[in-house]
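S.K.: what would the 3D arrangement of this be:
(one chain, ligands or ions: 2)
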Amino acid sequence: MDGLIVAAFGRHYEVATTEGRLQCYTRGKKSSFACGDRVRITPGGDGQGVIDSLVSRRNLLWRSDAFREKLIAANLSHILIVVATEPGFSDLLVSRCIVAAESQDITPIIVLNKADLGDRLDAARTQLAPFRALGYEVIEISALQGAAGLRERLAGLQSILVGQSGMGKSTLTNALIPDAQAATREISEALDSGKHTTTFARLYPLSAPPIDEAESEEGAGWLIDSPGLQVFGLAHVSADELAESFIEFRPLLGQCRFRDCRHEAEPGCALLEALAGGRIAPRRFEHYRTIRAEIAEAKRLNPGW
Ligand SMILES: Nc1nc2c(ncn2[C@@H]2O[C@H](COP(=O)(O)OP(=O)(O)OP(=O)(O)O)[C@@H](O)[C@H]2O)c(=O)[nH]1
Ligand SMILES: [Zn+2]
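M.R.: Ligands and ions are numbered 1, 2, ... in the order given. Sure, this is the predicted structure:
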């Protein structure tokens, strides 16, 4: 039987199938599946089942440091990076999310929440200007006042909400998915069976009632809510993938004088020339350097990457 993972909690998963939702676990020790994955399962009665294998995975959003990896979600068309006018947000984290997305062919959209806080709006817009200049869509909203426009934008997409704590992601989820809180409670009771509940990813259908109908899942829109994140390690990304994931670098890659240019201080470096000429935003290049150094360090600590 095939199904769609609609909640992922460690090695426990809730899987939507044509015959209802099953509480599933994996045979192995590792939790190698993510919310949004299509999987083949063996039902075991009592509303339970075992996940046997992956059916399809078009892409995978994940993060990693030197020694651990964390699957966030799979089969995404879009990632919604939630930031806010207040408290301050990390634009480095925005760049990290974009790298994770671009390297997996997922389209980033930046959602600027709390746009009702007018005196903070300009500063937030300025901070987002380098991303906007690259063509990334920025949607300003006030989750407190509703999210109808954003909901319309998300129809038919397979998207995920990510963001730092405090950006209003929970408020936004509740505005987008009116029954999210009830669904969360239900899932955490089913999956957690009395243990302390930690945060986990949950998938919500955006149009009724397609998720349990295996046939219509492909074209159905859904939204995954993920736990707030403060760190987004990219140890699994190679140096080449990293440069490719900065979309403004793409036309310049291969143009450096040295084929193995590291874009640090080499003469004839096309990236450094573009930076000096104002064609690459200094802030973005800083993000690139920071992430590159961190990836190099992770690979040094764990050559297995
Ligand atoms: N003014 C204003 N405040 C908002 C808006 N959205 C959320 N808030 C407030 O921001 C605070 C944080 O909102 P949450 O939804 O709890 O934030 P969160 O990002 O989910 O935080 P975590 O649960 O820690 O991940 C709350 O006090 C909300 O009332 C908004 O659009 N405008
Ligand atoms: Zn170079």
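
S.K.: quick one: the helices in the stretch 201-305 of the chain?
M.R.: Secondary structure of the stretch 201-305 of the chain (DSSP state H, counting those that start in this stretch): helices located at 239-245, 270-276, 282-301.

S.K.: say whether ligand 2 is contacted by the last one.
M.R.: So the one you mean is helix 282-301. No. Using CB under 5 Å from the ion, we find that helix 282-301 stays clear of ligand 2, coming within 11.3 Å at best. C-beta coordinates here come from the backbone N, C-alpha and C atoms, glycine included.

S.K.: centre of the chain to that helix, how far?
M.R.: Distance, stretch centre to chain centre, for helix 282-301: 19 Å (CA atoms, centre = their mean, to the nearest Å).

S.K.: in a markdown table, list the helices of the stretch 201-305 of the chain along with distance to ligand 1.
M.R.: Below are the helices of the stretch 201-305 of the chain laid out as a markdown table (distance: least, CB to the nearest ligand atom, whole Å):
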| stretch | distance to ligand 1 |
| --- | --- |
| helix 239-245 | 25 |
| helix 270-276 | 33 |
| helix 282-301 | 22 |
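
S.K.: what helix or strand does the residue of the stretch 1-150 of the chain found nearest ligand 2 sit in?
M.R.: Here the stretch 1-150 of the chain gets closest to ligand 2 at one residue, Val99, 18.0 Å apart by CB to the ion. Secondary structure from DSSP states H and E places Val99 in helix 91-102.

S.K.: neighbouring strands for the next helix or strand after that helix, and are they parallel or not?
M.R.: For helix 91-102, the succeeding helix or strand toward the C-terminus, using DSSP H and E, is strand 107-113. Looking at strand 107-113 with DSSP bridges, its partner strands are strand 78-84 (parallel), strand 137-140 (parallel).

S.K.: and these, which is most packed in?
M.R.: Highest mean neighbour count of these: strand 78-84, a mean of 25 (counted as mean count of other CB atoms under 10 Å).
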